[in-house]
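> model this:
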Amino acid sequence: MRIVITGAAGFIGSHLSERLLDLGHSVVGIDNLITGDLANIAHLSGRDFVFIRHDVTNYINVEGPVDCVFHWASPASPIDYLEWPIPTLKVGALGTHNALGLAKAKGAKFVMASTSEVYGDPLEHPQKETYWGNVNPVGPRGVYDEAKRFAEAISMAYHRYHGVDVKIVRIFNTYGPRMRIRDGRAVPNFIAQALTNEDVTIFGSGNQTRSFCYISDLVRGILALMESTVNDPVNIGNPHELSIADMAHLIIKMTGSQSRVVFKPLPTDDPQVRKPDITRARTLLNWEPKVELAEGLTSTIDYFRKKMEIA
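From the prediction side, this is the model:
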């Protein structure tokens, strides 16, 4: 297949590009590099990969046939969408509209990166796809949460009205190589601080929970959904739940760090719990995560260690 990926130079987009190339597909990557990094895709040079620097909130033009559009363009870390609130809303609305327009014009499948953030600070635990969420639309995190909720809505409208074969992936916390150092999320922040023996910063009590999925497991789930006949949203994540404090102490131990843990106030609307119900993924896609946390963290720590030595 010939596949277009928006946000191709980002953490997940670059892994998705690499895996699709490994499977023999042709990939056109698009990114405006607000949060993406060309270093993430430099190793794809010389393969059947074309990169276009472009902001997908503007019209997307790709010559020739396209079989599938993966829409991954968006800031995805709290510090990013708090710094870029309007671009985050625009890529969720205008960017999704343009990417859907490309899929419709080419008769292509459309696979959209949604997020567990559509559930907000959930009152249901674990979160099923049938849960409508508990989101503050006017809070600082609302720019990301509501952008993704709108993206889901317009994607389903294109499916119902135009017949576009839409797939919606609700991604839960994912980690692995190519995350940005100190990108604001727990795993890269904790690893970067631990490797330099700085204080490891926990926001809030540390009792809030997350469920961490390794990148290769996520990509496997995304591709299983792409190949399926499913059009309703599907949670892809690891249901193993861990407190933020436990993750911090585990990373300190695994890095052999001298860091101590310090606590700072919890940001506004930060979710207290996050755990996917993956029954749909198991039954409809025959998918579940395979990479154990210790294995995934070892690979991620090794990547950060080398990256920080280069820096």
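> least trustworthy helix or strand in this protein by mean pLDDT?
One helix or strand of the chain scores below all others by mean pLDDT, DSSP states H and E: helix 78-83, with a mean of 90.
> Which elements pack onto that helix?
helix 142-162 (3 or more CB pairs under 8 Å, 6 or more residues apart in numbering; DSSP states H and E). Any C-beta I mention is one placed from the backbone N, CA and C, and that applies to glycine too.
> quick one: E241 and Q208 touch, right?
No - using CB atoms under 8 Å, E241 makes no contact with Q208, being 10.6 Å away.
> more crowded one of these two?
Applying other CB atoms under 10 Å to E241 and Q208 shows that Q208 carries more neighbours, namely 19 against 16.
> which residues sit in contact with that one?
S243, I244, L266, D270, P271, Q272, V273 (CB atoms under 8 Å, 6 or more residues apart in numbering).
> With pLDDT, distance to I30 and neighbour count added, can I get those in TSV?
Putting the contacts of Q208 into TSV (pLDDT from 0 to 100; distance: CB to CB, whole Å; neighbours: other CB atoms under 10 Å) gives the following:
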residue	pLDDT	distance to I30	neighbour count
S243	96	37	16
I244	96	34	19
L266	85	35	14
D270	85	31	14
P271	88	30	18
Q272	91	36	13
V273	92	35	19
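> just to revisit the earlier point, ok, residues contacting the least confident helix or strand of the chain?
I34, T35, P75, T88, P140, R141, V143, Y144, D183, G184, R185, P267.
> Out of those, which sit inside strands?
Here DSSP state E is the test, and the contacts of helix 78-83 give no hits in strands at all.
> of those residues, closest to I12?
Distance to I12 across those (CB to CB) is lowest for T35, with 11.4 Å.
> quick one, what contacts the closest one?
Contacts of T35 (CB under 8 Å, 6+ apart): G10, P75, A76, S77, D80, W84, R180.
> Excluding chain neighbours, what is closest to the fourth one?
Pointing back at S77 there. Nearest residue to S77, sequence neighbours excluded (CB to CB, 6 or more residues apart in numbering): G184, at 4.2 Å.
> that older thread, intersection of neighbour lists for E241 and Q208?
V273.
> mind listing the strands for the stretch 1-150 of the chain?
Here the stretch 1-150 of the chain has its strands, by DSSP state E, counting those that start in this stretch, at 2-6, 26-31, 49-53, 68-71, 109-115.
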